[in-house]
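K.L.:
From the sequence below, what's the structure:
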Amino acid sequence: MDRPRAQRTAKLALDPGDELIHRFAGGGPRAGRTTADALAAVAAIAADARAVVLAVAQPGRRDDLAALIAAAARPVTIECEAAGLDAALVRRLADAGVVGLRIVHGGMRERVFEAVMRAPGAWRAAAAGLAAALAGPLPVELVVPVLAWNRDDVVPLIDWVLALPGQVARVALAVPRAADVPVDARRHLLDHPAVAALAAEAFARLQAARVGFGFDGSDAPWPCAAGDRLDRFATVWHDALRRAASEPDRALTPIAACARCALAGTCRGVEPAYLGAFGDAGLAPVPEARAAAWRLRPTRGGGEVEYAQISPFTNVAAGAGRALIRINGHCQMACAFCFVDRGVGDLPAATVLATIERLATTQRDHVVFSGGEPTLHPELPRFIAHARACGFATVEIQTNGVRASDRAYAAALVAAGLTKATVSLHSMDPATSDAITRMPGAFPRTVAGLHHLAALGVDAQLAHVISKDNYQALPAFTTAMLDEFAGAGRRLSVCFAIAQRISDLVPRWVLPTFTEIRPYVRAALDACDARGVGYGGLIGQGGYPPCVLSGDLRYHRGVLDKVYASTDADAQFAKAPQCARCDFDRACLGVRRDYLAQHGDAELVPFRIARATDSDSGAGSDSDSGSGMESASP
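P.N.:
Numbers count the residues shown, from 1 in each chain. Model (predicted):
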């Protein structure tokens with residue numbers, strides 16, 4: 001079980017006692033904090049936070065809101081109800097520095113809405129306010145409390161919001177905790193199997209619309225309640241377990257099904273208040289096969305993940321620049337080693353276009369569009385064309401290749417200006433590949449996509465992530481991959497990258513150690529050398545330090561000038577004391593801090609360059625020598 005994360009977003013209720021998702025239980029507008037009290041509270045919570053949520057039912061009624069936003073000195077999101085919002089107010093909030101709105105809305109029908117929100121006569125104003133917010137300049141997250149009252153309203157509400165002008169950034173379902181609800185109001189709650197069924201239908205709508213989705217931070221269905229309804233979107237129990245770990249004092253109790261559940265070692269059980277309201281009906285043990293298939297993939301999508309959406313990279317050796325724009329988080333696949341939050345929807349087109357222009361003021365060598373899966377973004381051809389118009393020499397996508405299996409789509413990307421494509425393929429065995437990606441039938445489409453892109457003249461690179469699932473098959477994979485894609489007249493390179501804990505979405509069980517993969521990596525690189533196919537990924541953020549391959553210069557000489565570091569590389573990577581004695585020190589970023597914390601630094605052995613001649617050669621570099629290295633003395 002991972003350690004709980006430090007708080008990243010702090011929330012302050014400016015109307016204490018009026019929690020919007022609990023309004024149904026008898027809440028309602030109450031006296032707000034005084035300005036002095038609110039300013040002191042904002043300063044206190046912002047000190048240890050990266051972002052702040054100010055919860056205020058009616059933001060237009062607080063004359064001091066601009067002062068509170070300024071006092072936070074952090075990105076501020078306003079959580080509010082929709083009634084009272086209009087275009088002018090939304091604009092004022094944006095001008096005051098607000099970065100987004102979280103709007104709590106109770107239902108589609110007037111009677112249902114007013115019961116959930118305890119707001120008689122406010123239905124029409126709320127509908128108008130929500131529409132005004134969606135048409136405004138701020139990203140909007142719609143938060144829908146899920147109750148017995150509005151179970152038939154949730155999906156129609158989502159459909160209505162998707163049809164409105166503008167675009168909702170994310171929809172979160174809020175599941176009130178039974179323990180937080182007065183006993184006499186628990187009859188309005190919905191049991192978790194019903195919540196899971198409703199969430200599956202809602203998430204399907206949102207996924208098809210390329211809108212972010214997930215559960216609000218209140219709660220989510222118990223793992224044993226979801227069945228397989230939510231597996232296609234990712235697991236929900238990862239969130240539940242993380243939440244429980246961050247709340248060790250929360251009362252949870254095992255039930256009979258826990259004794260036969262694969263999660264018994266990590267899940268502490270079910271909330272007693274829930275059991276008091278619903279019993280254990282519909283709660284079934286999770287079998288090991290399903291728990292393994294879930295791959296610990298979370299459905300979160302709330303911006304709580306430690307990876308950059310936009311990453312400028314510097315070249316450690318100086319020279320050509322490179323930048324990456326992650327234009328979405330969602331993907332058709334669910335690889336266990338992926339560090340991206342699949343609940344994140346498409347980045348707004350205006351944001352991407354402005355980012356391209358900003359990056360072009362610093363370098364115009366290379367821009368990469370990544371995800372998630374960038375080909376799911378409907379504006380990708382436009383982004384590619386804009387990058388070329390801004391002067392970028394290389395415009396690349398990082399993709400699973402599935403959509404490029406449609407040759408017409410691949411041709412449209414090339415026509416827009418695409419010059420390079422990195423296509424992920426993690427096994428040449430169809431069954432193994434589909435098992436890793438969790439997308440049945442994807443393998444032949446990925447293979448076809450790579451062929452189409454290469455045939456259309458794009459520089460094709462195959463990306464292979466080395467994980468616990470596939471490292472022993474690496475030599476066989478390489479041979480089969482070269483037979484399929486390499487040959488006369490074909491431009492192909494391979495990026496071998498080791499699975500890494502780039503964010504806390506990556507479970508440690510999927511990460512191999514440097515030592516166990518070494519012989520398999522060497523065999524794969526030797527096979528590429530024999531066929532004259534170049535490779536990379538061995539140094540820098542996607543790889544592992546040169547000393548892992550005994551400092552063999554054949555594998556590294558040609559890429560020493562292609563080591564890129566993100567602006568936060570120092571926070572992610574560290575070096576052992578012995579690294580200072582290594583001739584690779586200046587070109588090597590070191591090892592991810594999480595890896596050192598788990599495995600120590602005994603695998604890191606410094607090397608000195610003993611000899612290197614220009615007469616030696618190898619496909620993996622510009623001018624390789626034999627090993628050319630010798631171990632430095634301790």
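K.L.:
What count of nearby residues applies to Gly417?
P.N.:
The number of residues packed around Gly417, counting by other CB atoms under 10 Å, is 16. Bear in mind the C-beta positions are built from the backbone N, C-alpha and C, glycine included.
K.L.:
Run through the residues that contact it.
P.N.:
Residues near Gly417 by CB atoms under 8 Å, 6 or more residues apart in numbering: Ile384, Ala385, Ala387, Arg388, Val395.
K.L.:
quick check, nearest of the residues you listed to Ala178?
P.N.:
Minimum separation from Ala178 among the contacts of Gly417 (CB to CB) is found for Ile384, which lies at 49.7 Å.
K.L.:
What separation do you get for the spatially closest residue to the closest one that is not a sequence neighbour and Leu462?
P.N.:
Sequence neighbours aside, Ala416 is the residue nearest to Ile384 in space, at 4.1 Å (criterion: CB to CB, 6 or more residues apart in numbering). Computed with CB to CB, to the nearest Å, the distance linking Ala416 and Leu462 is 22 Å.
K.L.:
Please say which of those two ends up with more neighbours.
P.N.:
Neighbours were tallied for Ala416 and for Leu462 using other CB under 10 Å; the higher tally belongs to Leu462 (25 against 17).
K.L.:
returning to that earlier point: could you identify which of the contacts of Gly417 has the most neighbours?
P.N.:
The most crowded member of the contacts of Gly417, judged by other CB under 10 Å, is Ala387 (31 neighbours).
K.L.:
which residues does the residue nearest to that residue when sequence neighbours are not counted bridge with?
P.N.:
Here the nearest residue to Ala387 in space, its sequence neighbours aside, is Val395; by CB to CB, 6+ apart that works out to 4.7 Å. Using DSSP bridges, the beta-bridge partners of Val395 come out as Val367.
K.L.:
Is Val395 in contact with Ala421, as I believe?
P.N.:
No - in terms of CB atoms under 8 Å, Val395 does not count as a neighbour of Ala421; the distance is 9.9 Å.
K.L.:
thinking again about what came up before, list the residues that contact the residue nearest to Ile384.
P.N.:
Residues in contact with Ala416 (CB under 8 Å, 6+ apart) are Pro381, Arg382, Ile384, Ala385, Arg388.
K.L.:
List the residues that contact the last one.
P.N.:
Yep, that's Arg388 we're talking about. When the contact criterion is CB under 8 Å, 6+ apart, the partners of Arg388 are Val395, Ala416, Gly417.
K.L.:
any idea what sits nearest the last one, other than its immediate chain neighbours?
P.N.:
The one in question is Gly417. Arg388 (3.4 Å).
K.L.:
avg pLDDT for whichever strand or helix holds that neighbour?
P.N.:
Assignment of secondary structure by DSSP states H and E places Arg388 within helix 380-389. Per-residue pLDDT values across helix 380-389 average out to 97.
K.L.:
With only the CA atoms kept, save that helix in PDB.
P.N.:
Taking C-alpha atoms only, helix 380-389 is exported to PDB below (Å, rounded to 0.1, in the frame of the first residue of the first chain):
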ATOM      1  CA  LEU A 380      -5.200  16.900 -33.500                       C
ATOM      2  CA  PRO A 381      -4.800  17.700 -37.200                       C
ATOM      3  CA  ARG A 382      -5.300  21.400 -36.400                       C
ATOM      4  CA  PHE A 383      -2.700  21.300 -33.700                       C
ATOM      5  CA  ILE A 384      -0.200  19.600 -36.100                       C
ATOM      6  CA  ALA A 385      -0.800  22.200 -38.800                       C
ATOM      7  CA  HIS A 386      -0.500  25.100 -36.300                       C
ATOM      8  CA  ALA A 387       2.800  23.700 -35.000                       C
ATOM      9  CA  ARG A 388       4.200  23.500 -38.600                       C
ATOM     10  CA  ALA A 389       2.900  27.100 -39.300                       C
END
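K.L.:
just how off-centre is that helix within its chain?
P.N.:
In terms of CA atoms, centre = their mean, to the nearest Å, the centre of helix 380-389 is set 23 Å apart from its chain centre.
K.L.:
before we move on, what about stretch 526-533?
P.N.:
The gap between where stretch 526-533 is centred and where its chain is centred comes out at 34 Å by CA atoms, centre = their mean.
K.L.:
Go through that stretch and flag the buried ones.
P.N.:
Buried residues in stretch 526-533, defined by neighbour count with 16 or more other CB atoms under 10 Å: Asp526, Ala527, Cys528, Asp529, Val533.
K.L.:
likewise stretch 490-498?
P.N.:
Under the neighbour-count rule (16+ other CB under 10 Å), stretch 490-498 has Leu492, Ser493, Val494, Cys495, Phe496, Ala497, Ile498 buried.
K.L.:
and Lys490, that one's in a strand?
P.N.:
One correction, residue 490 is Arg, not Lys. No - the assignment for Arg490 (DSSP: H, G, I helix; E, B strand; the rest coil) gives coil, which keeps it out of a strand.
K.L.:
quick one: contacts for it?
P.N.:
Ala454, Ala460.
K.L.:
distance between the helix or strand harbouring Ala40 and the chain's centre?
P.N.:
When elements are defined using DSSP H and E, Ala40 is found to belong to helix 35-46. For helix 35-46, the distance from its own C-alpha centre to the chain's C-alpha centre is 32 Å (CA atoms, centre = their mean).
K.L.:
again, but for stretch 152-164
P.N.:
For stretch 152-164, the distance from its own C-alpha centre to the chain's C-alpha centre is 25 Å (CA atoms, centre = their mean).
K.L.:
neighbouring contacts of that stretch?
P.N.:
By CB under 8 Å, 6+ apart, the surrounding residues in contact with stretch 152-164 are 105-109, 112-113, 130-131, 134-135, 142, 144, 146, 168, 171, 173, 198, 201-202, 205-206, 209, 211.
K.L.:
Distance check, Ala55 against Thr35.
P.N.:
Counting by CB to CB, the gap between Ala55 and Thr35 amounts to 16 Å.
K.L.:
again but with Phe573, I slipped
P.N.:
As for Phe573, its distance to Thr35 is 45 Å (criterion: CB to CB).
K.L.:
which of those two has more neighbours?
P.N.:
Looking at Phe573 and Thr35 with other CB under 10 Å, you find the greater number of neighbours at Phe573, namely 20 against 14.
K.L.:
Assess the claim that that one and Tyr595 are in contact.
P.N.:
No - applying CB under 8 Å as the test, Phe573 and Tyr595 come out as separate, 9.4 Å apart.
K.L.:
Helices of the stretch 201-350 of the chain, start to end?
P.N.:
Listed from the start of the chain, the stretch 201-350 of the chain has helices (DSSP state H, counting those that start in this stretch) covering 223-226, 237-246, 272-278, 288-294, 349-360.
K.L.:
got the angle for the last one vs helix 380-389?
P.N.:
The reference is to helix 349-360. Using axes from the mean of the first three to the mean of the last three CA atoms, to 10 degrees, one finds that helix 349-360 and helix 380-389 are set 20 degrees apart in direction.
K.L.:
Look at the nearest residue to Phe215 once chain neighbours are set aside and give its secondary structure.
P.N.:
In space, not counting the residues next to it along the chain, Phe215 is nearest to Leu173; the distance is 5.5 Å by CB to CB, 6+ apart. On the three-state scheme (three-state DSSP), Leu173 is labelled strand.
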